[in-house]
Each structure stands twice: as structure tokens, then as C-alpha cells.
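[1] Here's a sequence, model it:
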Amino acid sequence: MTKILKNLLSLLLITSSVMSNLSDANAETKKVNNKKTIKKPKTIIKQQNNNNPKNTVNNSQEVNTKEDIDPVFNLGSIAYDEQKYDDAIVLFKKIIDKFPGYGDAHYYIGLSYFSLGKYYLSIASFLEANKIYGNKKSDALFGAGLSYLSAGYNDEARAAFQKVIKESSDTELVEDSKNWISSIDEQILQKDKIDLLTTDINFREGIEYLDAQDYTKAEIAFKSATMNKPNSLLVLYYLGNTQYLKENYKDSIETFNKILLINPESKIASDAKLYIRVIDDITATLPSSRPYFVQLSLGGLYDTNLSYSDLNDTIISDISGIGSLTLGYNFNNNIQAQYSYYTNIFSGINDKTVGLNIHSYDFNLQRHNTNLKFNYSIFSNLLAETDFSGNWYILAGSNFLFNGKVNPRLSYYLTSNIITVLQYSFDINNYPVFNTRNSFNHSLDLSQYFYFLNNTMWLRLGYNLQKTNANDKLQVQSGALKDENKYDLSYNFTNSLISNDLSADLSFNLFLNSKLKLNAKVSYNNYDSPDIYKLTSPVTNITTGKTETKVLKDLSKQRFDTLYNIGFSYSIPVYNNLSASLSYNYLNNISNITSNDYIGRSYSKHLFGLNLIYDF
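    Predicted coordinates:
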């Protein structure tokens, strides 16, 4: 099957597509140019006056009223048929001098000028006729396209023919326009190839190695050619074809995708799409040569407020080194297992601040994650997936959080460019030290994806509803104040809440196969019950000598937070399997709990990240 597909693609693309068309494009173009004629549309041919003797044209006929139009128009048609183009122009101009909105006369003047080789004048006449015709017929626009082409204006000609294809209901005109666009493309490709062969030694050597079927050297030569002309469709096409012949399908698809990014409407892009489609068919029939995957990431992170402190509290900013390792195994197309390890170690550059009661190393983090994913196609356009995951977080060298999560998901493909994803999550969190944070959470997420410009840009709009049920309970603490008086503190900082999130992501495929993603999110967090903070101190009544309780602060306040998050990430391939990524995020949490209450819950922070990623 694989061999048949490869042979079929070779027949379609190697012997009869762009590469072969280039070799004889000049001859084909000359042949087509000799047939550059414009037909007289049946809809505007007037009834000929059979009483006029053949080869007799009376130029003295005048146009004064509408009744004079048909006789003069018939005389002009006879003159045109007899190739007396100058006489025809004189007669048709008599009509438009009196009736400038008579489109058929402008059209025939365009035909006559075209036949005389006066292409600039024919362009003007055809465009005037097309303006009068509007959407009724596209004959004049087609004539303008041929006139542009004959005058050497390929871009304008292409635009005219494309408009005919888009707007005309005349199948013959549409087909002729497609053929002329193909002819223009071939001329451009032929010129580009000649320019490359005469100016770029790497491209010339690549062609020679390709003819000799030395695909390794051909690939090296074409890659060198792309260094000089990274956006040359022709160089990329030959490189992609060479990689295909080497059965290096991954690189071949990447190269052909670059063509689609640069000019998705070109003839080369059409052939690139065919290559990609056939390669997908080939690889689908091949057994997976390597079911496992390994990814290593190393980088740095700068956090301007790693302790999430309020403006009135001590804020620590620090730089950390981050690293992650991901191991995965695909059992088949429907089951995948994955393990990942992540570590974040801060440098401690600000840990010597006077009076500091927290340090950056208190936020050093390690995370172990295991994940098992199942997917199943319910219908051709409905995909079901379920993730089972477990997380173990270690903060400052001590166990911080154990988390388990199940995440079923449905993806509905309305079209290949419009996808709806509905997702439910249930997770359990266990904090060995901060047990009031122990919780189980439910969340429902709806995301709508839109893909544009041949999948080079996509937009995601999302809504998430989450309910957190935490182990909220009143806690008691005793100690000594600064004046050495004792105190008793009763408090409950509520962790149970309902969160409503709105989010949007916009992603672009850019030059050199790089990707830019912009993200924005706003979260409205409503906590279930009031925060309680009651601070008392035992004091002795001087009069009675009895111990009494003095209330220093007694607070019960419902908490509401709004969290804003905006950012971007940018990734670009560096070399082979190595890529680099740059990220930035800004978080701003606005809370009604302030430092006057007990501690400020509002904060803002900037996060800057830079990573190198290698896929083994």
C-alpha cells in the first residue's frame, strides 16, 4: 500500500506537476499566447443587416437618437468581423459620444484595440464596459485580464481572472480564467527557476544531485539555498520533495507547510497540499517505529512577587532556574501514558533583606506528575477523551500537596475549522500540613475554537465554572505579643468558593515555523463563607483583680476576588529537535480583604520565562 501511494504521488507530482511543468513552461506559454483571443459574447451580438453588401462599411452614419444605435452598432460589428478595427472603433465611438453608458460599444472598442495590439487602450475600454455591466456578465473583465497579460502586467491580470472565477456564472469563462492563471504561474516559476540556476550555486548543485538521485547531497544543497532565499517557494518545493524522496516525512511536511504559510493560493501550494495529504496516508499505514517520547526543558524564570504579597507587605522578587523532563509511551492510537518531573529553584538573591520572615527558598518547588490518557472516536466528528492524573508537590523540601484528577472531555468538529470542546474535571487535593485547604473540586469548561487562514491562526474563547469544597473550620492559636502579653487568636480563612472564568487565546503561525500565542483571562471568585479573625488578650482588672478578655480585633468579612491574567508565549525552532520559548504573564488580583482587616489579599506580579526544549 505504501509503495503504491509513493508511486502514485511520484506520477502526479514528479512527472506532471510543477517540477515537470517548469521544464517546458516556455514552450507551453508561447503556445497559449498564440491563442490569446477574446470571443464576442452571444448576449451582445446585434442582428446583422443582411442588406449591407459584404466588405462595405458606411462610416458616415451618425447617432443622434436611440433609434440610430442598432444600425451603427451593426456597421461596427461588420467592420470588426472584417478586421477593419480602426473603422469599427470610429463607429462604436459615435455611439458612446452620445450614449456613454452603452456598455456593448465600450466592449467592442476594447476588442478592436486588443486586436490592434493597443493593450493600454483596450484595458481602459474593457474596464469601462465592466463598470457598466456590473455583475451581469464578466466578458469585459476577462478581456481586461488578457489585455493586462499582453501588456506585461501579470499581477493585474491574475487579479482580473480571479475575480472572473469568483463572480462569473459562465463556466467557459471561469475555466479559461483558471487556465490563464495557471499559465501565469508557470511563467513566473520558469523565470524564478532560471534566476536561481544562474545566480545560486547551491540551488544548481541541488538540481544536479536530485537528477543523479543523490538525495542526501541534494537536501544539503537545497538547505543552503534556503539560507539565501528563505521565502523562495521554488527552493522550498525542491527541498520538500527531496526530503519526501528520502522518506524523511516529518521534515518534508514542515517544509511544505512553510510554502502554505508564504503563499497558500499558489500552484506550488496546491502541490504541497497534495504531498502532505499523501504523506499522511503513507505514515498512517506504517507501524510506529518509536512509541515512546522524551522531552527535556531547561530555562530560567524571573518572578517579581513570588510570595504573592500585598503592596503593604514585604515583596520578594527573584530569579530561578527551572527544568522539566517528560517521558511518554503510546500503547496504541487510543492509549497514552506519561510521567513528568518539574523543578523550580530560586537563587535567593534577596534573602538577606533585614527583617525578612520568609525567604525565596521557601518557594522552591518540585512536582511529580503521572498521566494516563484514553481517547475514542464516537462518530467521525465527535471525539471522546479521558485523562487520569496524579500530582505530588514538594515545597521547600517538604510534602506540600497530593492531587488526583479525572478529566473527561468531548470534542465536536462542526467543520475542520470550528471545534467545540466540553470538559468536566473532578479533583481531590490533600495538604499534609495545611489541612484546612484539603478539598474536592468540580469544574465545567466550555471552549470554542476557530481556525483561520489555512490553520495559520486560531482563536479560543472559553468559560469555566468551578466549585471548590474545602475543609474550612475555625482554628485556635495562642502566643505572646510584642509587649509580652499573651494573646488568643481564633480564625478561619475560607478556601471554599465558586469561580467563574472567562478566557481567550489567539495564536499565530509566523515566519520560520515559529508560533505566537496571546492569552487573557479574568476570574471572579466568590468565597462561600466569611473570613473570621478574632484576636483577644487576657488582662487583669486593677479594680477587681480578675482576669478579663480584651478584644483587640473581631472581624467577620465575606471575601470577593477578581483575578486578571494576560500574557504571551513565543516559540521558535532553533536546530533540528531543539526549540526555544519566551513567555510573559502579568497577574493582578483585586480583593476586598485588605491589610487593615488582617492581611492584604490583593497582589500583582510579573513572570518572565525563557526555555530551551529538546525532543529526543
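[2] C-alpha from now on. contacts and neighbour counts both.
    Fine.
[3] List the contacts of residue 580.
    571-574, 610-613 (C-alpha atoms under 8 Å, 6 or more residues apart in numbering).
[4] Can you add neighbour count and give the residues you listed back as CSV?
    Output for the contacts of residue 580, formatted as CSV (neighbours: other C-alpha atoms under 10 Å):
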residue, neighbour count
571, 21
572, 18
573, 17
574, 15
610, 19
611, 19
612, 19
613, 21
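[5] For these, give me a markdown table that also has pLDDT, distance to residue 421 and secondary structure.
    Shown next, in a markdown table, are the contacts of residue 580 (pLDDT from 0 to 100; distance: C-alpha to C-alpha, whole Å; DSSP: H, G, I helix; E, B strand; the rest coil):
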| residue | pLDDT | distance to residue 421 | secondary structure |
| --- | --- | --- | --- |
| 571 | 94 | 25 | strand |
| 572 | 93 | 27 | strand |
| 573 | 90 | 29 | strand |
| 574 | 90 | 32 | strand |
| 610 | 96 | 30 | strand |
| 611 | 96 | 29 | strand |
| 612 | 96 | 30 | strand |
| 613 | 95 | 28 | strand |
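[6] closest to residue 375 among the residues you listed?
    residue 613 (26.7 Å; C-alpha to C-alpha).
[7] nearest spatial neighbour of residue 537, skipping sequence neighbours?
    residue 487 (4.3 Å; C-alpha to C-alpha, 6 or more residues apart in numbering).
[8] Correct me if wrong: the one you found contacts residue 539.
    No: counting by C-alpha atoms under 8 Å, residue 487 does not reach residue 539; the two are 9.7 Å apart.
[9] Mind checking which of those two has more residues around it?
    residue 487 (19 against 15; other C-alpha atoms under 10 Å).
[10] list the contacts for that one?
    Counted by C-alpha under 8 Å, 6+ apart, residue 487 has contacts 478-481, 535-538.
[11] for the protein, what's the longest helix?
    helix 171-199 (DSSP state H).
[12] For stretch 209-216, give me every contacting residue.
    With C-alpha under 8 Å, 6+ apart as the criterion, stretch 209-216 contacts 217-218, 242-243, 245-246.
[13] helix/strand/coil for residue 508?
    strand (DSSP: H, G, I helix; E, B strand; the rest coil).
[14] Would you mind giving both backbone torsions of the residue lying closest to it once chain neighbours are set aside?
    Distances taken as C-alpha to C-alpha, 6+ apart put residue 457 closest to residue 508, at 4.5 Å, once the chain neighbours are dropped. Dihedral pair for residue 457: phi -150, psi 140, per degrees, to the nearest 10.
[15] gap between residue 457 and residue 365?
    Here residue 457 is placed at a distance of 35 Å from residue 365 (C-alpha to C-alpha, to the nearest Å).
[16] Same question for residue 578.
    25 Å.
[17] check contacts around the closest residue to residue 382 other than its chain neighbours.
    Counting by C-alpha to C-alpha, 6+ apart, residue 382 lies nearest to residue 412, which is 4.7 Å off, once chain neighbours are set aside. Residues near residue 412 by C-alpha under 8 Å, 6+ apart: 381-383, 419-421.
[18] tell me which strands and helices the helix or strand hosting residue 536 is in contact with?
    Assessed by DSSP states H and E, residue 536 sits inside strand 531-540. Using 3 or more C-alpha pairs under 8 Å, 6 or more residues apart in numbering; DSSP states H and E as the contact test, the elements touching strand 531-540 are strand 486-492, strand 547-557.
[19] Just name the most buried of these.
    Of these, the one with the most neighbours on average (mean count of other C-alpha atoms under 10 Å) is strand 486-492, at a mean of 17.
[20] any idea of the angle it forms with strand 547-557?
    Here strand 486-492 points in a direction 30 degrees away from that of strand 547-557 (axes from the mean of the first three to the mean of the last three C-alpha atoms, to 10 degrees).
[21] Rounded mean pLDDT for strand 486-492, please.
    Mean per-residue pLDDT for strand 486-492: 89.
[22] ditto for stretch 502-514
    For stretch 502-514, the per-residue pLDDT averages 90.
[23] Which of the three states applies to the residue nearest to residue 382?
    With three-state DSSP as the criterion, residue 412 reads strand.
[24] Same check on residue 61?
    Classified using three-state DSSP, residue 61 is coil.
[25] For the protein, which helix or strand comes out least confident on mean pLDDT?
    None of the helices or strands of the chain scores lower by mean pLDDT, DSSP states H and E than helix 25-33, at a mean of 36.
[26] Show me what secondary structure element comes after that helix.
    helix 69-81.
[27] follow-up on the earlier one: which among the contacts of residue 487 gets closest to residue 606?
    Nearest to residue 606 among the contacts of residue 487, counting by C-alpha to C-alpha, is residue 535 at 34.3 Å.
[28] Would you confirm that the closest one contacts residue 597?
    No: using C-alpha under 8 Å, residue 535 is not in contact with residue 597; the gap is 11.5 Å.
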